[in-house]
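Q: fold the stuff below for me.
(2 chains)
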Amino acid sequence: MSLQGWYPLVLARDIAPGTSAGTRVEGKEIVAWRDDKGAAHVWEDRCPHRGMKMSFGFVRGDHIACLYHGWQYDTAGQCRYIPAHPDLDVPKTIKVPTFGVAEAGGMVWGNFDAEGEDAAPHPDLPGDITPLRTVFADCPAALLVERVPFTPLDGIAPEVKATEGRIIEIRLGDVTLIAGIQPVAEREAALHIVAAGNPSNDQMKRLAFWAEQLRRDAEEAAANEKIGEIAA
Amino acid sequence: MKRESVIFTFTGKIVPDSFIAFARHRAARLDLPLALLASDDNSVAVAVDGQADLVDAFDMACSLGPHDCIVLDVERAPASPAIFESRNERMGQ
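A: You can find the predicted model right below:
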C-alpha cells in the first residue's frame, strides 16, 4: 500500500533525546529517533548492511549506530563510520531512506510521500496540550475510531469531530482530546491522544482509564466481527 | 585507504543474466565502477575498481551470488584502470 500524507507515529513526550522507537505504518517498518539536540528523525527501520532494525540501535550525539555491527549514520541517513573498516571512506550509496518529519500537537509525524521535501504542510494543531497516552489496539484503525462515541466516561458519551486527515477531536465533558490515528497494519491501530490545555492530574487519570476502556471495547468489537466473518 | 583494480572471474553453475544483474547491483551499492568483460553459462568475468575494503566486500557478495547461481570458484587478478575507460560502463555513478 502506498502511504500518502502525514501519519502520527508517537507522542513527542515518549521519545527522549538520545532514544529511538520502532513502529509500523500500514505494515511498513519505521524508526523514529531523537538526537541529543532534540531533533526528531523518521527513517526506514532497516540497516542497509544486514537488515537489522535501526530502532534497536544506539543514539550517540547526532548519529544512530546499528546494534548489529555498529555502522553509524548521520542525521541525513548517510553511513559515516564502519567500525570493522575504520579507514574506509564510506560511499554515499550506503544510506538509510529518510522521510519527512514534523512535530505538531504533541506528536511526531512522518511523511512518506516520494517527494518528502515538497510534502504538504504538516497538520496544524495547537501547542497548548498535555500528552495523555498512546493506545494500541488489535483492530483496524477505522473500527477504533468508530468505537470512540460508544465508550462513555462517567456516563457521558464522547462527541467526536473529524478535523483533518488522520486527526479526530473528542469532546468528553469539559475536556477536549485530540487524537492522531495511526494505521499500524491491516488489523492493528494506534491512537496518540493529547488533551487540550492543562487538565488536572485527576482528570488525566480518568481519561487514561477511558482510553484503556476504548481499547478493550474496540478489540472486543473486532473479535466479534471476526467471529461473524468465520460463521458466514 | 588503498585503491585496487581487480578482475574477478566467477565460475560455477551460472545464469549469466541473473548473475550480471546481481553483480551490477552490488557494485552500485558499494559505489564501485564495474566493467563486464566476458560471460557464458559457466563463468562471468568483471572488473571493479575502488577502495580495497569495498572490493573485498564485492568479492564476498558475489561469492554468494543470486539464488539461482552456485559459485564454485573465484579467481582474482589485477586489472588496469584503462579497462573502465574503454568499456565506458561505470556503475553507481
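
Q: for the rest of this, base every contact and every neighbour count on C-alpha atoms.
A: OK.

Q: what score does the spatially closest residue to residue A:20 that is not a sequence neighbour have for pLDDT?
A: In space, and not counting its chain neighbours, residue A:20 is closest to residue A:33: 4.0 Å by CA to CA, 6 or more residues apart in numbering or on different chains. At residue A:33, the model reports a pLDDT of 98.

Q: how many neighbours does residue A:33 have?
A: By other CA atoms under 10 Å in any protein chain shown, the residues close to residue A:33 number 28.

Q: let me know the secondary structure of it.
A: strand (DSSP: H, G, I helix; E, B strand; the rest coil).

Q: now swap in residue A:210 and tell me
A: Applying three-state DSSP: residue A:210 is helix.

Q: please tell me I have it right and the residue nearest to residue A:20 contacts residue A:42.
A: Yes: applying CA atoms under 8 Å as the test, residue A:33 and residue A:42 come out as touching, 6.6 Å apart.

Q: just confirm residue B:53 contacts residue A:87, I think it does.
A: No: counting by CA under 8 Å, residue B:53 does not reach residue A:87; the two are 9.2 Å apart.

Q: more neighbours: these two, which one.
A: Neighbours per residue (other CA under 10 Å) separate residue B:53 from residue A:87, with residue B:53 holding more: 19 against 13.

Q: show me what contacts the more buried one?
A: A:85, A:88 (CA atoms under 8 Å, 6 or more residues apart in numbering or on different chains).

Q: any idea which helix or strand carries it?
A: In this structure, residue B:53 sits in helix B:52-64 according to DSSP states H and E.

Q: next: residue B:8.
A: Per DSSP H and E: strand B:3-13 holds residue B:8.

Q: repeat for residue A:199
A: Assigned by DSSP H and E, residue A:199 falls outside every helix and strand.

Q: so how many other residues sit close to it?
A: That count, for residue A:199 with other CA under 10 Å as the rule, works out to 16.

Q: swap in residue A:60?
A: By the criterion of other CA under 10 Å, residue A:60 has 15 neighbours.

Q: which ones are touching it?
A: Neighbours of residue A:60 in contact, by CA under 8 Å, 6+ apart: A:18, A:35, A:36.

Q: let me know the closest of those residues to residue A:110.
A: Nearest to residue A:110 among the contacts of residue A:60, counting by CA to CA, is residue A:35 at 16.1 Å.

Q: quick one: the closest one and residue A:113, what's the gap?
A: As judged by CA to CA, to the nearest Å, residue A:35 and residue A:113 stand 23 Å apart.

Q: comparing the two, which residue is more hemmed in?
A: residue A:35 (22 against 17).

Q: before we move on, back to that, what packs against the next helix or strand after the helix holding residue B:53?
A: Following helix B:52-64 in sequence order, the next helix or strand is strand B:70-78 (DSSP H and E). If contacts are counted by 3 or more CA pairs under 8 Å, 6 or more residues apart in numbering or on different chains; DSSP states H and E, strand B:70-78 sits against strand B:3-13, helix B:52-64.

Q: deepest of the ones you listed, which one?
A: Each of these was scored by mean neighbour count; the highest is strand B:3-13, a mean of 19, by mean count of other CA atoms under 10 Å in any protein chain shown.

Q: do the helix or strand just after that strand and chain A meet?
A: As assigned by DSSP H and E, the chain's next helix or strand after strand B:3-13 is helix B:16-29. Yes: judged by CA under 8 Å from any CA of the partner chain, helix B:16-29 comes into contact with chain A at B:28, B:29.

Q: give me the sheet partners of the helix or strand just after helix B:16-29 and which way each runs.
A: Later in the chain than helix B:16-29, the nearest helix or strand by DSSP H and E is strand B:34-39. Partners of strand B:34-39 in the sheet, by DSSP bridges, are strand B:43-51 (antiparallel).

Q: how far off strand B:3-13 does the partner strand point, in degrees?
A: 160 degrees (axes from the mean of the first three to the mean of the last three CA atoms, to 10 degrees).

Q: if I've got this straight, residue A:207 is in a strand?
A: No: counting by three-state DSSP, residue A:207 is located in no strand; its state is helix.

Q: wait, a strand at residue B:85?
A: No: under three-state DSSP, residue B:85 falls outside any strand and is assigned helix.

Q: burial check on residue A:162, number of neighbours?
A: Count around residue A:162 with other CA under 10 Å applied: 13.

Q: mean confidence for the helix or strand encompassing residue A:24?
A: Using DSSP H and E, residue A:24 falls within strand A:20-25. Mean per-residue pLDDT for strand A:20-25: 97.

Q: please name the nearest non-neighbouring residue to the spatially most central residue of chain B.
A: In chain B, the residue lying closest to the centroid (CA atoms, centre = their mean) is residue B:46, at 4.3 Å. Leaving aside its sequence neighbours, residue B:46 sits nearest to residue B:36 (CA to CA, 6+ apart; 4.5 Å).
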